[in-house]
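A.B. asks: Need coordinates for the below:
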Amino acid sequence: NTQRKQKKKGKLDQSNEKRLDDVGVVWDVLSEQWEKNYGLLVKFQQKEGHSNVPGSYIEDDIKLGNWLDNQRQLKKKGKLDQSNEKRLDEIGVVWKLNS
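C.D. replies: The predicted model follows:
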């Protein structure tokens, strides 16, 4: 985590950064996690023919239903990254569910 902070501030030595890159350090953990969850959602959509993941649905130990609910809440609050929203739109995410 200290290395990530140093990199973000532009203070990480380039040789150290290269060594960390070589061993597979993920610099943007949240982005990496979002991509993994999005990939699981795409897999669900391809398998089920829709993107309306049940709230309690779990795939590969990831609470995919909760994650999608969180994306809906972020959109509702205007806090969902627009490029992420577009990608979710493209696979048919329904933003407002009838309860």
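
A.B. asks: Quick check: closest non-adjacent residue to the residue nearest the centre of the chain.
C.D. replies: Closest residue to the average C-alpha location of the chain: Trp34 at 0.9 Å, with Cα atoms, centre = their mean. If you skip the residues right next to it in sequence, Trp34 has Asn84 as its closest partner in space, 6.7 Å away by Cβ to Cβ, 6 or more residues apart in numbering. In this view, the C-beta of every residue, glycine as well, is placed from N, C-alpha and C.

A.B. asks: now do Lys43
C.D. replies: The shortest distance from Lys43 to any residue other than its chain neighbours is 7.2 Å, reached at Glu59 (Cβ to Cβ, 6+ apart).

A.B. asks: Look up how far Val53 lies from that neighbour.
C.D. replies: Applying Cβ to Cβ, to the nearest Å, the value for Glu59 to Val53 is 9 Å.

A.B. asks: now swap in Lys9 and tell me
C.D. replies: Distance from Lys9 to Val53, counting by Cβ to Cβ: 37 Å.
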